[in-house]
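[1] Kindly generate the corresponding structure for this input.
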Amino acid sequence: MNQPSYVVYTSGKSRKKGIEIWKDMCLELIRSRELISRLFIRDLIGRYKQSLFGHLWVVINPFVAIGTFILLNRAGILNIGHTDIPYPLFALIGLSVWQLFSGGVMIASHSILSAGGMISKINFPREALVFSAMGQVIFDFLVRFCLIVLFFIIFKFVPSWGILLFPFALIPLIFLTLGLGMLLSIVNTVIRDTANIVSIFITFLMFLTPVLYPVPLRFSRVFKFNPLSPLITAPRDLIAYGYIKEPTGFWIMSVVSVLIFLVCWQIFHLAETKLPERL
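    Below you'll find the predicted structure:
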């Protein structure tokens, strides 16, 4: 009597290794470029739909944060310390760079869960959701950068020639944000409290990073060992001085950021076939 035959189907992604899987990932991302752009436009239009102030919220939030710190400093409650450039400009640059990271991590961690209906019905590269979410954050940053240019004029500040390298100094931070966003988007499908935990942690981490004030001497070691500090201060240093004050820390974190991105991207790529059953 003939024995029944069985065919076991496995995901092609799990069988690919080494250069083959990276080639597959890059080709998949290239093919998804139109989908990424369409998702970006859709979310950008829908995010502030029926909102009173619309995209003005991009600049309202930094104004509130900076204004609060200025009032606390003038009231003697908080000593911000000396800054080599006008404080409002110092704070706006730091906060804009920080929100590129914090906003990117938060919106990317929500990207998979918020698109659960689409993921369960349509087969497409899920990386597109994370990259389109990051595109929204970059768009917000460009709007804030226009405000930074306006502050140059208001405070009659002439930026250093290093401002030409300013976009390149943001690349490691973008890689780090994308990597963490991919990883947290997967974790968020399993543990739904992830987004809330990340939000609390990022808020706490901001006060341990020289975003709205220079590094205080008393806690200089804490800020020195904060891996985000060189990535946040380097772009601002280029505008203020034309060079990075702590280049070693910046280059080390740049390499680490790229490695984190590559590892998290591969984890995401291998896990994305399991996402529909988690949503």
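
[2] Would you mind pulling up the elements that the helix or strand encompassing residue 251 packs against?
    Using DSSP states H and E, residue 251 maps to helix 247-271. Helix 247-271 makes packing contacts with helix 12-15, helix 19-31, helix 127-154, helix 171-190, helix 229-240 when contacts are defined by 3 or more Cβ pairs under 8 Å, 6 or more residues apart in numbering; DSSP states H and E. Yep, even glycine has a C-beta here, placed from its N, CA and C like the rest.

[3] Run through who's touching that helix.
    For helix 247-271, contacts defined as Cβ atoms under 8 Å, 6 or more residues apart in numbering pick out 13-14, 21-22, 24-25, 28, 126-127, 130, 169, 171-173, 175-176, 178-180, 182-183, 185-186, 224, 227-231, 234, 244.

[4] Buried ones in that helix, by neighbour count?
    In terms of neighbour count (16 or more other Cβ atoms under 10 Å), helix 247-271 has its buried residues at 249-250, 253-254, 257, 260-261, 264-265, 268-271.

[5] which one of the residues you listed is nearest residue 110?
    Comparing the buried residues of helix 247-271 against residue 110 with Cβ to Cβ places residue 268 closest, at 14.8 Å.

[6] Quick check: the gap between that closest one and residue 108.
    Separation of residue 268 from residue 108 (Cβ to Cβ, to the nearest Å) stands at 10 Å.

[7] what do you get for residue 21?
    Residue 21 is 22 Å from residue 108, by Cβ to Cβ.

[8] for residue 87, same thing?
    31 Å.

[9] Neighbour count: these two, which is higher?
    A count of neighbours by other Cβ atoms under 10 Å puts residue 108 above the other of residue 87 and residue 108, at 27 against 19.

[10] isn't that one right next to residue 133, touching?
    Yes. The criterion here is Cβ atoms under 8 Å, and residue 108 meets it with residue 133 at 4.8 Å.

[11] what do those two both touch?
    Jointly contacting residue 108 and residue 133 under the rule Cβ under 8 Å, 6+ apart are residue 181.
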